[in-house]
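**Q** Here is my input, please return the structure:
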Amino acid sequence: MGSEYFTGLFSKKGWRAIFLTNGQVYFGKTTRTTDREMALEVVYYLRQGEKPDENEKIEQVGLIKLGGELHKPKDKMNIALSQILFWEELQEDGDIVKKIKEHIAENGSIYPCVVQNRTYEVRVQKK
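**A** Residues are numbered from 1 along each chain as shown. This next block holds a predicted model:
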């Protein structure tokens, strides 16, 4: 498949979830695609953790804004197409897009890149 194929797929505006071969998922807007890579901007990702509890396991999922990490990356990723398993177009009324839009509205702008950790708890009964 040539770059025209991927350019056509990513030419639509809107939010996407990009699932990588290493298990990581990134959310954002695609801005450019070549025959080797795709550019993603306004980038968010999920961070999972657990909170100990006596009676149940509580999993926490945080929605993190790219840019607040120790190495201070810019709010843009170039992802090799060979590392993408699949992608999904996200609906504007979905939970992830709503939270991203809330974060942008609360901060007045998407820049500077500030980590905004939104934590959601998923309770799972211990056996």
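**Q** And residue 82, how far from residue 103?
**A** Noted for residue 82: a distance of 31 Å to residue 103, by CB to CB, to the nearest Å. Backbone N, C-alpha and C define where each C-beta goes, glycine included.
**Q** Comparing the two, which shows the higher neighbour count?
**A** Between residue 82 and residue 103, residue 103 has the larger neighbour count (other CB atoms under 10 Å), namely 17 against 8.
**Q** That one - that's part of a strand, no?
**A** No. Assigned with DSSP: H, G, I helix; E, B strand; the rest coil, residue 103 falls outside any strand and is helix.
**Q** can you give me the helices for this protein?
**A** Counting by DSSP state H, one finds helices in the chain at the ranges 3-10, 95-107.
**Q** Mind telling me which of those the model trusts least?
**A** Comparing mean pLDDT across the helices of the chain, the weakest is helix 3-10, with a mean of 54.
**Q** pretty sure residue 18 is touching residue 79, no?
**A** Yes. Using CB atoms under 8 Å, residue 18 is in contact with residue 79, at 6.5 Å.
**Q** So for these two, which residue has more residues nearby?
**A** Using other CB under 10 Å, the more surrounded residue of residue 18 and residue 79 is residue 18, with 23 against 18.
**Q** got a list of what that one touches?
**A** 25, 26, 27, 28, 38, 40, 79, 84, 87 (CB atoms under 8 Å, 6 or more residues apart in numbering).
**Q** and if we set it to 6 Å?
**A** Contacts here follow CB atoms under 6 Å, 6 or more residues apart in numbering; on that basis residue 18 touches 26, 87.
**Q** tell me which helix or strand of this structure sits lowest on mean pLDDT?
**A** strand 118-125 (a mean of 45; mean pLDDT, DSSP states H and E).
**Q** partner strands of the strand ranked longest in the chain, parallel or antiparallel?
**A** Assignment by DSSP state E gives strand 37-51 as the longest strand of the chain. Here strand 37-51 is paired, per DSSP bridges, with strand 25-33 (antiparallel), strand 56-65 (antiparallel), strand 76-80 (antiparallel).
**Q** No more questions from me, cheers.
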